[in-house]
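**Q** I would like the atomic coordinates for the input below:
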Amino acid sequence: MKFVSKGITRTAVAVIAIVIIIIAAIGVYFYFATQPAKPKVLGYILQTHGYRGSTSEVLRASGFLDGVMGNPLPPTKGKVITVDPADVETWLKWKVEAYTDIWKSDKNPLRAGRTPYVGYLPLGIYNPWDELNLASFKWYCGDVLGWRYEVAWPDADVKKQNDMAAELIAKGVDAILVCPLDSMANAKVGELAQKAGIPIVVFGIDMYHRWPLAFVQRDDYESGWYCGKYVRDKLIEKFGPDIKIGIDIPIVDVGNSWDAEAEFKYVKAAMAANPDIVAVFEVMGGYHEAWVRAAKDLGWSEQKIKDIIAVDVDFFPVNLDGYINGYQDYCRMMPTAGYMIADSLEILKQFWKYGPDGLPNLGEIYSVSKHVPELQIHATVPGTNFAPLQWYEDPVAGVVGYTIRPATCGGAYTPWVLIPDRVVTAENYKSPWIYWNWPVWGYPHRPEILS
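**A** Have a look, this model is predicted:
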């Protein structure tokens, strides 16, 4: 009996064990069967960044993310918008309170009967955008207006830019045109100018200060948003309408500098770690060259590089090369070459002539006749018959017609004269209104493409 009992016991134990295994297997099966399938990564979007201390870079990136995620363009970002009446009233009061005294004083060179002396304080980063701005400043301020000027080149150093502003003031400039490197840290320029009682006009990047007479620039958020929308539309064409950006097409973020060469190793490392790149957001022209070079260093085929959707919120000579080589798809050409500088100087002139009444007002539609009536649209570069501003009011390539609105950082205390960028595609990159096709200032970059 003992033997039989033991046999039954062993059999029962074996049966129970088998049942447990079967139940466990069924449980595991149903557990995994009911779990949502892990999404298959279809590819990656490489998003590059410039210097993140600049509101310009933050706005470009946030605009791109909203566009690529399918979020609508905010109504405050349209060409013609309604400005809050309270903001309009704030500006109308502030401009009289802040600027009347200096307009009536001998600090106003036109009132004092002397030739204006203007300080120019750009980013100083030796890229095509900065250098073309410098060339156009010297041309319009010196050759067209006949004014004296002093250029301070801060070599992309935030502290140096503040120090140079102080030096310009010490030299006796009547005004400063400035593109702040850091929207917060270089608000010091506004503080110094206000203390000295001289006006400033900000271009390219805004600052967190109330003193600027105006902010002249495109809408970086809008530029980024349209780049994002372009990428999204192309990815939907490729993968279908059900794609989830950030899930089955993750975004790889890299960069914190305007020096694309300095960021190259990080761009290359990100691409090596994520070889299935399907789109690239280039936050500035130099990053186009960076990612293309990285792709070639990594041994990617020519066709793979061409298949990547490449968008840029700038347009440099390297982007023109990109179109020629078939690597570039879509660009927003940032205003430069006088399309911010000339109007900034004319805003100064209108202020010196007419005081607060000569300044642009929030809610108005920007036009040459109303806001910069003496803008020399047909002025030519010495030694040539070329007029850089000839497309200023062009119905296709022009830059007027946008509502003047509160500035990004200065708010209702600074009118934002929005100079839009122009869209460059594979169909129009040969157009004569594109800076790098011009016969002046060391360009064209590729003269043969116009023939």
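
**Q** When you work out contacts or count neighbours from here on, use the C-alpha atoms and nothing else.
**A** Noted.

**Q** I'd assumed Leu345 was in a helix, is it?
**A** Yes: applying DSSP: H, G, I helix; E, B strand; the rest coil, one finds Leu345 inside a helix.

**Q** Determine the number of other residues adjacent to it.
**A** By other Cα atoms under 10 Å, 24 other residues sit near Leu345.

**Q** which intervals of the stretch 351-451 of the chain have sub-threshold pLDDT?
**A** 443-451 (pLDDT under 70).

**Q** all strands of it, in order?
**A** 405-407, 411-418, 422-425 (DSSP state E, counting those that start in this stretch).

**Q** cool, and the chain?
**A** 44-48, 117-121, 148-151, 175-178, 200-203, 215-217, 251-254, 277-282, 309-312, 330-333, 405-407, 411-418, 422-425 (DSSP state E).

**Q** Distance to Pro356 and mean neighbour count added to those, as JSON lines?
**A** Below are the strands of the chain laid out as JSON lines (distance: least, Cα to Cα, whole Å; neighbours: other Cα atoms under 10 Å):
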{"stretch": "strand 44-48", "distance to Pro356": "41", "mean neighbour count": "23"}
{"stretch": "strand 117-121", "distance to Pro356": "19", "mean neighbour count": "24"}
{"stretch": "strand 148-151", "distance to Pro356": "23", "mean neighbour count": "17"}
{"stretch": "strand 175-178", "distance to Pro356": "15", "mean neighbour count": "26"}
{"stretch": "strand 200-203", "distance to Pro356": "14", "mean neighbour count": "25"}
{"stretch": "strand 215-217", "distance to Pro356": "15", "mean neighbour count": "29"}
{"stretch": "strand 251-254", "distance to Pro356": "44", "mean neighbour count": "18"}
{"stretch": "strand 277-282", "distance to Pro356": "40", "mean neighbour count": "24"}
{"stretch": "strand 309-312", "distance to Pro356": "38", "mean neighbour count": "27"}
{"stretch": "strand 330-333", "distance to Pro356": "32", "mean neighbour count": "25"}
{"stretch": "strand 405-407", "distance to Pro356": "17", "mean neighbour count": "26"}
{"stretch": "strand 411-418", "distance to Pro356": "12", "mean neighbour count": "26"}
{"stretch": "strand 422-425", "distance to Pro356": "31", "mean neighbour count": "20"}
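
**Q** quick one: which of those is nearest Asp357?
**A** strand 411-418 (13.2 Å; Cα to Cα).

**Q** closest one to Ala193 among the strands of the chain?
**A** Ala193 lies closest, by Cα to Cα, to one member of the strands of the chain: strand 200-203, at 7.0 Å.

**Q** Any chance of a markdown table for the strands of the chain, columns distance to Gly240?
**A** Output for the strands of the chain, formatted as a markdown table (distance: least, Cα to Cα, whole Å):
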| stretch | distance to Gly240 |
| --- | --- |
| strand 44-48 | 16 |
| strand 117-121 | 48 |
| strand 148-151 | 52 |
| strand 175-178 | 46 |
| strand 200-203 | 41 |
| strand 215-217 | 36 |
| strand 251-254 | 18 |
| strand 277-282 | 14 |
| strand 309-312 | 16 |
| strand 330-333 | 21 |
| strand 405-407 | 38 |
| strand 411-418 | 36 |
| strand 422-425 | 23 |
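
**Q** out of these, which comes closest to Val96?
**A** The closest of those to Val96 is strand 411-418. By Cα to Cα, the value is 11.2 Å.

**Q** if we can go back for a sec, please name whichever of the strands of the stretch 351-451 of the chain is nearest to Ala156.
**A** strand 405-407 (23.0 Å).
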